[in-house]
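1. sequence first, predicted coordinates after that:
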Amino acid sequence: MMFIYTYACHEDEANLCQLELQTLFGQKAGGGGGIISSKYELPIDRSPFVKRRISVLLAASSFEELALQLPAIELDRKTFKVLFTPGDENFTYEERRQLERAAGAVIRGKADMRSAERLFGLTKLDGCWYFGPCEENSAVWLKHQSKPQNYSTALPTRAARAIVNAAAGPAPEQLRLIDPCCGMGTVLIEAMSMGIDIEGVDLNPLAVRGARLNLAHFGYADRVRLGDMRLIEGQYDAAIVDMPYNLCSVLPEEEQLVMLSSVRKWAKRAVIVTTVPIDLQLEKASWHIMKSATLSKASFTRYISVVE
């Protein structure tokens, strides 16, 4: 089956958006927004950048040909609404509404523009017309912005969600992840909300307490413990290491290397987030940079490296 996704991001997030979507879909995404077709069925709420998903039910070389197929759509007495989804061809606002009305007019059922029970997407991509059930992202991460405890320098929830996806990839079901500098639990909350198995560790007792309060606030289990990332034992499929603010620029290079080398011992893959570039230290710690991105806000830039 084919799925069509639309996505969008702020220009400051364009690098991270490209990195995340390339990891999830295995193909390059454009800049601030666009459309992707894939055989992979990504849960609609997983990426913070994906806005809509159409599960393609019908396809045709022309709208007229597609319209002939629409009366066969089964609604089971439910109301419906057709949403035109911009593809790779420009249509005016009025043209979009006309296409929605034309499609809705031949579907056998009752249209409801305000509270339809079924949504359908209509789009044109690569010269073909596509139609099918449509779902829209509910932006669950927005609720996670209001945490009882927070750091002013914590990752934004959208960025945290995208970074978790960059670490976990398209099939996280059997993976075991860890955040060894978990702070107030921003990354943990995003991962758990996607059903990803993750643990948190932090050297600061106040951070551990705050993370536990935040996890409980959103109804998630306590997966946090007090500890030093350099002493972690066991094996993990991936680690997400958001180095505490300014830690990289304060610590001597030797100590940075010790921390990065320790992650190498117990994680097969990692996403390292820093406030300064550390490509040389990553190389010295035997990490190979697979992908990288930057995330900027005003004069503050985060450097994100996906390493294996």
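-> Received the coordinates, thanks. Numbering: from 1, shown residues only.
2. does Tyr303 really touch Gln281, like I thought?
-> No: taking CB atoms under 8 Å as the definition, Tyr303 is not a contact partner of Gln281, at 11.6 Å. Any C-beta I mention is one placed from the backbone N, CA and C, and that applies to glycine too.
3. where's the closest residue to Ala139 other than its chain neighbours, which helix or strand?
-> Excluding its sequence neighbours, the residue lying closest to Ala139 (CB to CB, 6 or more residues apart in numbering) is Pro48, at 7.4 Å. Using DSSP states H and E, Pro48 falls within no helix or strand.
4. do the same with Tyr130
-> Using DSSP H and E, Tyr130 falls in strand 128-136.
5. got the contact list for that strand?
-> The contact list for strand 128-136 (CB atoms under 8 Å, 6 or more residues apart in numbering) reads 2, 4, 44, 51-63, 65-66, 69-70, 83, 85, 103, 118-124.
6. now the strands for the stretch 1-150 of the chain?
-> 3-8, 33-38, 50-55, 58-60, 80-84, 118-125, 128-136 (DSSP state E, counting those that start in this stretch).
7. give me the angle between the first one and strand 118-125.
-> Pointing back at strand 3-8 there. For strand 3-8 against strand 118-125, the angle by axes from the mean of the first three to the mean of the last three CA atoms, to 10 degrees is 80 degrees.
8. mean confidence for strand 3-8?
-> When pLDDT is averaged over strand 3-8, the result is 96.
9. any residues touching it, and which ones?
-> The contact list for strand 3-8 (CB under 8 Å, 6+ apart) reads 17, 21, 25, 29, 32-42, 47, 49-56, 85-87, 121, 123, 125, 130.
10. among those, which ones are buried?
-> 17, 21, 25, 29, 33-38, 42, 47, 49-56, 85-87, 121, 123, 125, 130 (16 or more other CB atoms under 10 Å).
11. and the strand holding Tyr130, what's buried?
-> So strand 128-136, judged by 16+ other CB under 10 Å, has buried residues Cys128, Trp129, Tyr130, Phe131, Gly132, Cys134.
12. export the residues you listed as a markdown table, with columns for distance to Val241 and pLDDT.
-> Shown next, in a markdown table, are those (distance: CB to CB, whole Å; pLDDT from 0 to 100):
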| residue | distance to Val241 | pLDDT |
| --- | --- | --- |
| Cys128 | 43 | 97 |
| Trp129 | 45 | 98 |
| Tyr130 | 40 | 98 |
| Phe131 | 44 | 98 |
| Gly132 | 40 | 98 |
| Cys134 | 37 | 97 |
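13. quick one: contacts for Gly169?
-> Thr23, Leu24, Leu175.
14. if you set the cut-off to 7 Å instead, what comes out?
-> Thr23 (CB atoms under 7 Å, 6 or more residues apart in numbering).
15. now swap in Ile232 and tell me
-> Taking CB under 7 Å, 6+ apart, one finds Pro180, Val201, Trp266 in contact with Ile232.
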